[in-house]
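*Asks:* Here is my input, please return the structure:
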Amino acid sequence: MNIFRITGDLSHLISIFILLHKMRTSKSCIGISFKSQVLYLIVYVTRYLDLLWTFQHSAYNSLMKIIFIASSAYTIHLMLNDFKPTHDPNIDTFKVEYLIGGSAILALLFPYKWTTAEVLWSFSIWLESVAILPQLFMLQRTGEAETITTHYIFALGAYRALYIPNWLYRYFTESFTDPISTIAGIIQTILYSDFFYIYYTKYGLPFLLLIFPVSSIPTPTLKQGCRSSVK
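*Replies:* Prediction:
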């Protein structure tokens, strides 16, 4: 385990804490995409099925997997129950079917092994790379976001960006390669790049995005949807 992996996992945990803190303190889920949260739950459940037979191998990995699945499920529970009145489905309109379908196709075409666990793992990697799109699309629709919401998105994006130097480090020190995770991680970082730039330039200022009339926003047709011991 190296510093990039640890920092990436820490950033992921921070993003979860920020999200749940924002929802519990504001007693609302305004600005949070329910569709993105559902996609992340699908990602964690399909990726961490190996918990059923590898639980005893690594306490660190098993704990992280349980935290990711449980926190994601809890977030969805809050959005469906406690804070449902604060969620506006008319804004959260990204067509996630394209993301799920595209990720499934890539998983079936390019798995490392033709086993159920490996295909599902590959599917989860591709899907995670684009799971943030409904959230980013929602930000574009509204044109602005609460500061704490931008911190959540930044921490979530930073976690995956930090896995790129992690893979490079493992390549040079362990001769470890993982093309699926690397390509998907690059795709995910690119999707975040515009958000990172605005976050940096607007830090401490009102976070405003260029907003277009709803009628002028085309229906998304993205058909693309990261391997370490945890991811």
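*Asks:* Show the low-confidence segments of this structure, by residue range.
*Replies:* For the chain, the stretches with pLDDT under 70 are 54-56, 200-231.
*Asks:* just the strands in it please.
*Replies:* 144-145, 207-208 (DSSP state E).
*Asks:* quick one: residue 192 and residue 161 touch, right?
*Replies:* Yes. With contact defined as Cβ atoms under 8 Å, residue 192 reaches residue 161; the gap is 7.1 Å. In this view, the C-beta of every residue, glycine as well, is placed from N, C-alpha and C.
*Asks:* how close does residue 148 get to residue 81?
*Replies:* Per Cβ to Cβ, to the nearest Å, residue 148 is found 21 Å from residue 81.
*Asks:* cool, residue 127 as well?
*Replies:* Taken as Cβ to Cβ, the span from residue 127 to residue 81 is 25 Å.
*Asks:* The two: which is more packed in?
*Replies:* Legend: neighbour count by other Cβ atoms under 10 Å for residue 127 and residue 81, higher for residue 127 (26 against 8).
*Asks:* how far away is the more buried one from residue 144?
*Replies:* Applying Cβ to Cβ to residue 127 and residue 144 gives a distance of 28 Å.
*Asks:* Count the neighbours of residue 23 for me.
*Replies:* Residue 23: 22 neighbours (other Cβ under 10 Å).
*Asks:* right, I mislabeled it, should have said residue 177
*Replies:* 11.
*Asks:* Just confirm it contacts residue 168, I think it does.
*Replies:* No. Using Cβ under 8 Å, residue 177 is not in contact with residue 168, being 10.5 Å away.
*Asks:* Find the nearest non-adjacent residue to residue 66, please.
*Replies:* Spatially, and ignoring its direct neighbours in sequence, residue 66 is nearest to residue 51 (7.2 Å; Cβ to Cβ, 6 or more residues apart in numbering).
*Asks:* Which residues are in contact with that neighbour?
*Replies:* By Cβ atoms under 8 Å, 6 or more residues apart in numbering, the contact list for residue 51 reads 62, 65-66.
*Asks:* That'll do, ta.
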